[in-house]
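Novice: show me the folded form of this:
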Amino acid sequence: MNGACSRAPWSLRRSGHESDTSAPQEPPVPATQGCGQGVLAKASIQAPLVFPLATCCKGTIATAPSVTLGCLVTGYFPMPVTVTWDAGSLNKSVVTLPATLQETSGLYTTTSHVTVSGEWAKQKFTCSVAHAESPTINKTVSACTMNFIPPTVKLFHSSCNPLGDTGSTIQLLCLISGYVPGDMEVTWLVDGQKATNIFPYTAPGKQEGKVTSTHSELNITQGEWVSQKTYTCQVTYQGFTFEDHARKCTGMAPHPLQHPDTWAQRRAKPHPHAAPPTHTPAESDPRGVSTYLSPPSPLDLYVHKSPKITCLVVDLANTDGMILTWSRENGESVHPDPMVKKTQYNGTITVTSTLPVDATDWVEGETYQCKVTHPDLPKDIVRSIAKAPGRRFPPEVYVFLPPEGEPKTKDKVTLTCLIQNFFPPDISVQWLHNDSPVRTEQQATTWPHKATGPSPAFFVFSRLEVSRADWEQRDVFTCQVVHEALPGSRTLKKSVSKNPGK
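Specialist: Numbers count the residues shown, from 1 in each chain. Next up, the predicted model:
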């Protein structure tokens, strides 16, 4: 073609600030002058493409003393770009290499990396790429994902005293549970900032089997609480941050089973799905006193044949003159167990009363009522409960062998039971070892969780730790599930033991 350029001029490709996570494509190539002479035409403005770079998470990355994270910035014109990291005091560890020209495209490429150490080596960082001719691009990169079970952090608060002044005390209680023993730091924030004029107390960790729990307390004035400030309990563990928040709500009275509720309610509630039939929300009761009714457990109802209904009263300032009475819709007599009173961390009192009921009466839909009378209450609190209506779905039960990656040097192995697609959510799970009940501290079962989709079904997981010696000798372990939708005895069992040759 007598030296004429046959390549068509290139067009502007997508900019790097689009949320495209696919692999980088070859940057556009501009037309050249005198195609065989290697002289580049001036490229038009081109936004950079930015890709995060991280070390592979396999091997010893979780315990490495430091790790390097980076960002690849490529395909931009003209120079320069400025790369910054949100590493705070770690900026001194940031290195951005000089840009290089891609002679085939006329575009530039550079890389920037930050070396982080200690607990920061497991945090996420964001590189910001500023290009004079394009919008700023932000990319977040982390050393690796969490390879441990994170602690559960829940923040609770005591109730306001309508008769108290702004100097009355409100207690914030942060419960931290379910973590493997190790270094942990608890920090309290006020409106997102670390405050210097507060004096929290964090208790030493208490080991419960393989995991640990602790709590942190912070006392503030009622005046500070009603000022609409947000209080945060922030936990730093294994280089990651976990937190929960609390703030006084105004203009609404939430349902007692919705967040936020007082820590005494959260800690004392016997079951998250124990909401009684429609009634006045407990949070609207005077002086913040709340009352809940929970149904019999399926285990007590169908296996032990000794079902009981529980009435729980929380946030009482005192019990002087308090009367709790039970009744049933058909007018027949009732015989409750003695009340149990317990003083909580914030000085309030929780009262629990249980009422034995006839299994047949409960199954057939009899309604029971709990009434609380107290001299400080302008009106009695009355709650009613009956068997929940609706179509029943029996659970599906699956038992899983110990994970293949579980170290054989451990003296324990883990078995897992998945129970799913059941309704109503009331369910009992019990593990058996050679047909004998396993100790409570060896097993843990989640609360029922609502499954996704339009179905009202629920699911739970149950976990059992057994000794490797028992497992190796092929003892039989059974996940026993009790649910009202199951036929016959309402019980379903699935067993597992070590396969021969493994």
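
Novice: which one is E133 nearest to, not counting chain neighbours?
Specialist: Of all residues not flanking E133 in the chain, I45 sits nearest, at 4.5 Å (C-beta to C-beta, 6 or more residues apart in numbering). Bear in mind the C-beta positions are built from the backbone N, C-alpha and C, glycine included.

Novice: and the one you found, how many residues sit next to it?
Specialist: Applying other C-beta atoms under 10 Å, we find 13 residues neighbouring I45.

Novice: report the central residue of this protein.
Specialist: T152 (6.4 Å; C-alpha atoms, centre = their mean).

Novice: what residues are up against that residue?
Specialist: Contacts were defined as C-beta atoms under 8 Å, 6 or more residues apart in numbering; by that measure T152 touches L175, I176, S177, G178.

Novice: if we use 7 Å, what do you get?
Specialist: S177, G178 (C-beta atoms under 7 Å, 6 or more residues apart in numbering).

Novice: likewise for F458?
Specialist: F422, F423, P425, P448, H449, K450, A451.

Novice: could you redo the last one with a cut-off of 10 Å?
Specialist: 273, 393, 395, 419-427, 447-451 (C-beta atoms under 10 Å, 6 or more residues apart in numbering).

Novice: which element follows the lowest-mean-pLDDT helix or strand in the chain toward the C-terminus?
Specialist: Every helix and strand in the chain was compared by mean pLDDT, DSSP states H and E; the lowest is helix 263-268, with a mean of 33. For helix 263-268, the following helix or strand on the C-terminal side (DSSP states H and E) is strand 290-294.

Novice: neighbouring strands for that next one, and are they parallel or not?
Specialist: Using DSSP bridges, strand 290-294 pairs in its sheet with strand 308-316 (antiparallel).

Novice: average pLDDT across the partner strand?
Specialist: Mean pLDDT, strand 308-316: 89.

Novice: stretch 134-151 too?
Specialist: Stretch 134-151 comes out at a mean pLDDT of 78.

Novice: what about that stretch, start to end distance?
Specialist: Using C-alpha to C-alpha, to the nearest Å, one end of stretch 134-151 lies 41 Å from the other.

Novice: swap in stretch 387-407?
Specialist: End-to-end distance for stretch 387-407: 46 Å, by C-alpha to C-alpha.

Novice: relative to the whole chain's centre, how far out is it?
Specialist: Centre-to-centre, stretch 387-407 and its host chain are 20 Å apart (C-alpha atoms, centre = their mean, to the nearest Å).

Novice: find the nearest non-adjacent residue to K498, please.
Specialist: Counting by C-beta to C-beta, 6+ apart, the residue nearest K498 is R474, at 4.9 Å.

Novice: distance check, the residue nearest to the centre of the chain against V460.
Specialist: 16 Å (C-beta to C-beta, to the nearest Å).

Novice: and what of H433?
Specialist: With distances taken as C-beta to C-beta, H433 is found 20 Å from V460.

Novice: give me the buried stretch members for stretch 186-205, please.
Specialist: Within stretch 186-205, the residues that qualify as buried are V186, T187, W188, L189, V190, T202, G205, counting by 16 or more other C-beta atoms under 10 Å.

Novice: try stretch 319-333
Specialist: M322, L324, W326, S327, R328.

Novice: G75: which of those is nearest?
Specialist: If you rank the buried residues of stretch 319-333 by distance to G75 using C-beta to C-beta, L324 comes first, at 72.7 Å.

Novice: direction included, what does whichever strand or helix holds that closest one pair up with?
Specialist: Assigned by DSSP H and E, L324 belongs to strand 323-328. Strand 323-328 pairs in its sheet with strand 368-373 (antiparallel), by DSSP bridges.

Novice: starting at the chain centroid, how far to the partner strand?
Specialist: Centroid displacement of strand 368-373 relative to its chain, using C-alpha atoms, centre = their mean, is 34 Å.

Novice: which stretches of the stretch 301-450 of the chain have low pLDDT?
Specialist: Along the stretch 301-450 of the chain, the parts satisfying pLDDT under 70 run over 405-406.

Novice: thought S177 was touching Q207?
Specialist: No: counting by C-beta atoms under 10 Å, S177 sits too far from Q207 to count as a contact (11.4 Å).

Novice: find residues that contact each of these two.
Specialist: S213.

Novice: more neighbours: the two, which one.
Specialist: Ranked by neighbour count (other C-beta under 10 Å), S177 and Q207 place S177 first, with 15 against 10.

Novice: list the contacts for the more buried one?
Specialist: P151, T152, V153, K154, K206, E208, V211, T212, S213, T214, H215.

Novice: please indicate which of the residues you listed are buried?
Specialist: By 16+ other C-beta under 10 Å, the contacts of S177 give P151, V153, K154, V211, T212, S213, T214, H215 as buried.

Novice: report the separation between P298 and P487.
Specialist: Distance, P298 to P487, using C-beta to C-beta: 14 Å.

Novice: give me every residue that touches the closest residue to P487 other than its chain neighbours.
Specialist: The shortest distance from P487 to any non-neighbouring residue, by C-beta to C-beta, 6+ apart, is to P394 (7.5 Å). For P394, the contact set (C-beta under 10 Å, 6+ apart) comprises N421, F422, F423, V481, H483, E484, A485, L486, P487, R490, L492.

Novice: so the last one, which of the three states?
Specialist: Spelled out, it's L492. Secondary structure for L492, judged by DSSP: H, G, I helix; E, B strand; the rest coil, is strand.

Novice: dump the residue contacts of it.
Specialist: P394, P395, E396, V397, I419, C479, Q480, V481, V482, H483, L486.

Novice: buried subset of these?
Specialist: P394, P395, V397, I419, C479, Q480, V481, V482, H483, L486.

Novice: in which helix or strand would I find the fourth one?
Specialist: Element membership of I419 [criterion: DSSP H and E] is strand 412-422.

Novice: put the alpha carbons of that strand into CSV.
Specialist: Taking Å, rounded to 0.1, in the frame of the first residue of the first chain, the C-alpha atoms of strand 412-422 are listed here in CSV:
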residue,chain,number,x,y,z
LYS,A,412,-11.2,-33.2,68.7
VAL,A,413,-13.2,-33.6,65.5
THR,A,414,-16.2,-31.6,64.4
LEU,A,415,-19.6,-32.9,63.2
THR,A,416,-22.2,-30.6,61.6
CYS,A,417,-26.0,-31.0,61.3
LEU,A,418,-28.0,-28.9,58.9
ILE,A,419,-31.8,-28.8,59.6
GLN,A,420,-33.8,-26.9,56.9
ASN,A,421,-37.1,-26.1,55.3
PHE,A,422,-39.2,-26.3,58.4
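
Novice: which helices and strands does that strand pack with?
Specialist: With contacts defined as 3 or more C-beta pairs under 10 Å, 6 or more residues apart in numbering; DSSP states H and E, strand 412-422 has these neighbours: strand 396-400, strand 428-433, strand 443-445, strand 458-467, helix 468-472, strand 477-482, strand 491-496.

Novice: for K229, which of these is the nearest?
Specialist: Using C-beta to C-beta and comparing the helices and strands packed on strand 412-422, the one that lies nearest K229 is strand 443-445, at 35.7 Å.

Novice: and that closest one, what's buried?
Specialist: Buried residues in strand 443-445 (16+ other C-beta under 10 Å): Q443, T445.

Novice: now do it: which elements does it pack against?
Specialist: Strand 443-445 packs on strand 412-422, strand 428-433, strand 458-467, going by 3+ C-beta pairs under 10 Å, 6+ apart.
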